[in-house]
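**Student:** build me a structure from this.
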Amino acid sequence: MVKLLATFILLLLIVNISISSVNNVLAQNSTSTKNPAISNEDLLLLNVNLNRIDTQLDILLNKINNNNNSLIFEHAYIPHSVIYPSTKPIAIAVDEELANNLEANLTEVGIQSRADPNSPIILADITDSKNIINDFYSKLKDTLPAQDFSILESQTMSYLLRDASNSYGLYLNTSKIADADVAKLAMIDYENTKGLINQSNTIFEILKPNMTDTKSKEIEYFITNLNTIIDSKSDNTPEFSRIVSAIENDLNESNNIRIPSTTSTVDPSLQTYYDNIEILLNNAISSIQNGNYLAADKNVSSAYLDNFEYLEAPIEEVNSTLMLQIETNMRENLRALIKNQTPLADIEAYISNIKEDLQVSKQLLGSTNNTSSAVDPSLQTYYDNIEILLNNAISSIQNGNYLAADKNVSSAYLDNFEYLEAPIEEVNSTLMLQIETNMRENLRALIKNQTPLADIEAYISNIKEDLQVSKQLLSTPSTVQSNNNFTLPSSFVTNTANIDSLKQGFGVYTGERRSMGEASEDFKGQVRNDIDSIRLKLDEVISIYNQNDTSQALATARSAYLDSYENIEIPLRPIDPDFTLEMEIKFAELRNLISSNAPPDEIVSKITELKSGLDESERFVSGIGVVAPAIAFSSSFSIIFREGLEAALILGAILTYLEASRNEKFKKHVYAGIVLAIALTAVTWFVAQFIIEISGVQRALIEAIAGIAAVAVLFWVSFWVLNKIETKKWIEFVKAKVWQATTTGSFMVFVLLSFFTVYREGFETVLFYQALFSFAKYMEIYVLAGLVLGLAVIIAVVFIIRKLGRKLPLRVLFGLTMAVGAFMSITFLGNAVREFQELGWISTTPIYNIVPRLDINVATMTGIHPTVETVVAQVILLAIYLVGSLYILFIQPRRQKKIASMRKSVSDNDKKVQKGG
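**Tutor:** You can find the predicted model right below:
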């Protein structure tokens, strides 16, 4: 469902509003505006999106009235979650009360569509939403002069028709793919197409009275033809597009609108990408003609990844929906057609549509102009540093020192260009991506491969040209003013990361969003490998830094980020973009600490944060899986069952003994002790939780200590249980305790006896669960489920003992609980040792090729980590358990039996001597 909705979001908003063209159109006729605070562009944006919402609401009404619940949630989700947020600020500017009411109603429509689509509530919410939209229409009509409102409606109708054209094309392409989710998506596109045509017709009825009879009849004819194509599901998309264009021309002629020329040429820095895409798409067709679909896929992948990726940002600035349409068509739909080996004719038609969209985008980009003003001084320092470092790189290569050259280029990118990225992205994000890729990846690859100096000089020259273009783009007065947020702090030090600038991020992430664990298996495996590599490099940083080699430590820290973590960001960013930015900041902070010669303790502390973040990164990409939650559940069940069983058995024995000895008057004191113990256990839990929460940076240390404490208690309890494993010994133990209490006659003895019996188990439970929760991240629900089931089983056991008079196989139960305790203590020990390693208290010796590298969740639930220190600690503890169990279960009983036999023999001899005497 997540994938379906994510893709649907991309496909729904097919054509966005080109602000420049809208402004030109409205400016030709606009004479006055009743609300000068709201621009004509914003009014058009609001009107288009209100009509898009209205379209979805009409689709929902039609489904409800026809008792058709299919795809109701999908259509209800989009108005509130996708369309309305982008237009909400404008709606508030027009009428805040109406805007808030519309948002509330659309929210209810979404909720009710999932909860109960047959409820009359959803029908009422849809009706209310449509009434509010009609109120907005009235306000827009009152805001503009009659002629301007006619233009507004005409333009809105044009955009809806373009939406319909694109939706229908997508329907035809996706309906041919044999996949359940894709088929669902195809039906959504088909329903959207019909809805958008109906909405366009509604607008046409408003415009019709002001048109000539000839024009109105012509448009009526065209709309009828569109409906015929849709109803017959004809694949004649060129005819569909031609009719839409004809209607747009009629609408423009009716309003005396002159369409501005789009003959400007595109920026040369972008033209290369367009040329490459053209060549690669043609190559893909040639490959299919030769029956080589694999080669075709490679060409299309290169067209998208190596070229269109760097056109995305500038196209998005002028028409974000067109960008999403081209991106989806190239990245997913076209590749799906190739993967399914769709006939050549269909693929050629699809590629033709992509080329048309690319041509439109190029026309939109053709009006870019630069100025020659000076760049903001706060940014000039970065440009100067990059110039120096790139020149130093060339000098290093001239001296045969490619390693020094790589360090210079890394510093040029990490310590300087990273803080130019945000302002450059605002004016030309594709250029920013181009420079970023060329510096971070391509140039470093040339240096790594020791490419000849001439080639590297030429490449650096190209980078410098792009940097000069970016500087020109940043030199306009408006750009300088808008980028005041990037002013350097007074404490700025050259080649030190500007964290304040970095923390601003690079704009809101607008790409595809994914759920935790929603990544391919290849990505998951690669992320684990990259994380292992980063860990080794971070350990190297500490070692090198302690040797006072700051330069090499900085180079290693840069490599950890550039060569590994940036690979992790690819699958991580769609899952949690904010966390991804946090990790970027932490890596930058580490580099700053190294550059400023910070104390080693601060370096270790920052690396500890990074290592914790690496675990979190792996969890986000890998998800929790199945094995780890199963272990979390069973461990939780075992803890509460064992601790609860011990308390229940002791208390049951006490109560039974009191009843048998006719001392039932003490039972209420036993219950009082139980209540007090439960209350204090709850207090202990909250105190422990509070201490952990306020511990801040020391949290890892406290969790490690708690883990060691849990190991110690489990170890002691396990061998205590072993000593009480014989039923006879167990009964004797309980009777001895109760007899001591009854002989005193004091009720406090029974209160204390039951209190300490329960609280001891409660304290252990708190300790064990705190340790378990610290390791079972994102699996808390499974831990709670194990807790609840364990309590339920204990209650059932108590009922069986007390009411049915059944005896429990204590030897078996205690044997099992001892085994579970041993497993958990070994797990806790492995995790605790790893925590101490992360803190730098214990050395880390990786053995990836000997001990399997488990998924992070399975590793924390078993304590198995591929380091010598964790494995040795666990093996030693396991050996102690085995030797101890062997001694208590076999050797000790034999010795006791032998001693008892000897004593009996001596006693028999004494009796014989006495008789003989």
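**Student:** drop to CA atoms for contacts and neighbour counts, all remaining ones
**Tutor:** Will do.
**Student:** may I ask which helix or strand of the protein has the lowest mean pLDDT?
**Tutor:** helix 477-482 (a mean of 37; mean pLDDT, DSSP states H and E).
**Student:** tell me which residue is most central in the chain.
**Tutor:** I575 (2.0 Å; Cα atoms, centre = their mean).
**Student:** enumerate every residue touching it.
**Tutor:** Applying Cα atoms under 8 Å, 6 or more residues apart in numbering to I575 gives the contacts 513-516, 518, 620-621.
**Student:** the domain parsing of the protein - what is it?
**Tutor:** 2-22+37-254, 268-365, 377-503, 521-622, 627-895 (automatic domain parsing).
**Student:** pLDDT score for K448?
**Tutor:** K448 is assigned 88 on the pLDDT scale.
**Student:** next, count neighbours for it.
**Tutor:** K448 has 13 neighbours, counted by other Cα atoms under 10 Å.
**Student:** with G291 as the reference, measure out to it.
**Tutor:** Distance, K448 to G291, using Cα to Cα, to the nearest Å: 37 Å.
**Student:** for the helix or strand containing E566, buried residues please.
**Tutor:** Assigned by DSSP states H and E, E566 falls within helix 566-572. Residues of helix 566-572 classed as buried: 567-569, 571-572 (neighbour count, 16 or more other Cα atoms under 10 Å).
**Student:** which one among those gets closest to E869?
**Tutor:** I568 (27.2 Å; Cα to Cα).
**Student:** so what's the closest one up against?
**Tutor:** Per Cα under 8 Å, 6+ apart, neighbours of I568: 526-527, 530, 617.
**Student:** now A647
**Tutor:** 757-758, 761.
**Student:** nearest residue to R114 in space, please, no chain neighbours.
**Tutor:** F73 (5.7 Å; Cα to Cα, 6 or more residues apart in numbering).
**Student:** cool, and A560?
**Tutor:** I534 (5.1 Å).
**Student:** where does pLDDT dip in the stretch 1-150 of the chain?
**Tutor:** Low-confidence segments of the stretch 1-150 of the chain, defined by pLDDT under 70, span residues 1-38, 81-82, 86, 115.
**Student:** buried set for whatever helix or strand comes next after the helix holding E566?
**Tutor:** Counting by DSSP H and E, the next helix or strand C-terminal to helix 566-572 is helix 577-595. Using 16+ other Cα under 10 Å as the test for burial, helix 577-595 gives 577, 579-595.
**Student:** can you check stretch 270-289 too?
**Tutor:** So for stretch 270-289, counting by 16+ other Cα under 10 Å, buried means 270, 273-274, 276-277, 280-288.
**Student:** now do it: distance to the chain's middle.
**Tutor:** Offset of stretch 270-289 from its chain centre (Cα atoms, centre = their mean, to the nearest Å): 34 Å.
**Student:** same question for stretch 197-205.
**Tutor:** With Cα atoms, centre = their mean, you get 40 Å for stretch 197-205.
**Student:** and I850, what does it touch?
**Tutor:** P866.
**Student:** ok, now how distant is it from T870?
**Tutor:** Counting by Cα to Cα, the gap between I850 and T870 amounts to 13 Å.
**Student:** which helix in this protein has the most residues?
**Tutor:** Scanning the chain for the longest helix, with DSSP state H as the assignment, gives helix 627-660.
**Student:** could you pull out the helices in the stretch 101-250 of the chain for me?
**Tutor:** Listed in chain order, the helices of the stretch 101-250 of the chain (DSSP state H, counting those that start in this stretch) span 120-143, 146-174, 180-207, 213-232, 237-254.
**Student:** by contact count, what packs against the helix or strand following the shortest one?
**Tutor:** Secondary structure here is assigned by DSSP H and E; on that basis, the next helix or strand after helix 237-254 toward the C-terminus is helix 268-289. With contacts taken as 3 or more Cα pairs under 8 Å, 6 or more residues apart in numbering; DSSP states H and E, helix 268-289 sits against helix 293-305, helix 344-365.
**Student:** quick one: residues in contact with helix 268-289.
**Tutor:** 293, 295-297, 299-300, 302-304, 307-308, 310-311, 344, 347-348, 351, 355, 358, 431, 466.
**Student:** now the angle between helix 344-365 and it, please.
**Tutor:** Here helix 268-289 points in a direction 180 degrees away from that of helix 344-365 (axes from the mean of the first three to the mean of the last three Cα atoms, to 10 degrees).
**Student:** how about helix 268-289 as CSV, C-alpha atoms only?
**Tutor:** Extracted as CSV, the C-alpha positions of helix 268-289 are listed here (Å, rounded to 0.1, in the frame of the first residue of the first chain):
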residue,chain,number,x,y,z
PRO,A,268,24.8,25.0,-22.2
SER,A,269,25.7,23.4,-18.9
LEU,A,270,22.4,21.5,-19.1
GLN,A,271,22.2,20.9,-22.9
THR,A,272,24.8,18.1,-22.6
TYR,A,273,22.4,16.1,-20.4
TYR,A,274,19.6,16.5,-22.9
ASP,A,275,21.9,15.4,-25.7
ASN,A,276,23.1,12.4,-23.7
ILE,A,277,19.5,11.3,-22.9
GLU,A,278,18.5,11.6,-26.6
ILE,A,279,21.4,9.4,-27.6
LEU,A,280,20.8,6.8,-24.9
LEU,A,281,17.1,6.5,-25.6
ASN,A,282,17.8,6.0,-29.3
ASN,A,283,20.4,3.4,-28.3
ALA,A,284,17.8,1.6,-26.2
ILE,A,285,15.4,1.4,-29.2
SER,A,286,18.3,0.0,-31.3
SER,A,287,19.1,-2.6,-28.6
ILE,A,288,15.5,-3.8,-28.6
GLN,A,289,15.5,-4.0,-32.3
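**Student:** residues touching the nearest residue to L572 once chain neighbours are set aside, list them.
**Tutor:** By the measure of Cα to Cα, 6+ apart, the closest residue to L572 outside its immediate chain neighbours is V621, 6.0 Å from it. By Cα under 8 Å, 6+ apart, V621 lies in contact with 516-519, 524, 527, 571-572, 575.
**Student:** quick one: V621 is in a helix?
**Tutor:** Yes - according to DSSP: H, G, I helix; E, B strand; the rest coil, V621 belongs to a helix.
**Student:** quick one: it and P574, what's the gap?
**Tutor:** Taking Cα to Cα, one finds V621 at 10 Å from P574.
**Student:** ok, now which ones touch T870?
**Tutor:** Applying Cα under 8 Å, 6+ apart, the residues contacting T870 are 829-831, 833-834, 864.
**Student:** need phi/psi at R662.
**Tutor:** Main-chain dihedrals, R662, degrees, to the nearest 10: phi 60, psi 40.
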